[in-house]
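Asker: quick one, what's the 3D model for this:
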Amino acid sequence: MPEPTVKSVAIEDVLTNISGKHRPTAIRNNECVWCKDADTNFRDALSRKEYTISGMCQTCQDKVYGVSDE
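Answerer: Numbers count the residues shown, from 1 in each chain. As a prediction, the model looks like this:
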């Protein structure tokens, strides 16, 4: 089970208000905070690490950050 990165309570409250989902709980349940999908198959270690920071699945990361050819 992935462990979410530690953020201040104030930051977690803001993120929960924006997404409607508590980021640490979503990550521990292998869910995406944006699309609520349970698909946590990541393309690489960097994307997996980003999930512990943002709580976004690979599809949502690709939508936000774009897809690299590297």
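
Asker: which residues in this structure form helices?
Answerer: Under the criterion DSSP state H, the chain contains helices at 9-19, 23-28, 45-54, 58-65.

Asker: let's have those helices in a markdown table, adding mean neighbour count and distance to Glu3.
Answerer: For glycine as for every other residue, the C-beta is placed from the backbone atoms N, C-alpha and C. A markdown table is the format used below for those (neighbours: other CB atoms under 10 Å; distance: least, CB to CB, whole Å):
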| stretch | mean neighbour count | distance to Glu3 |
| --- | --- | --- |
| helix 9-19 | 12 | 14 |
| helix 23-28 | 19 | 8 |
| helix 45-54 | 15 | 6 |
| helix 58-65 | 15 | 18 |
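
Asker: what does the model give the residue nearest to the spatial centre of the chain for pLDDT?
Answerer: Taking CA atoms, centre = their mean as the criterion, Gly55 is the residue nearest the geometric centre of the chain, at 1.3 Å. pLDDT recorded at Gly55 is 94.
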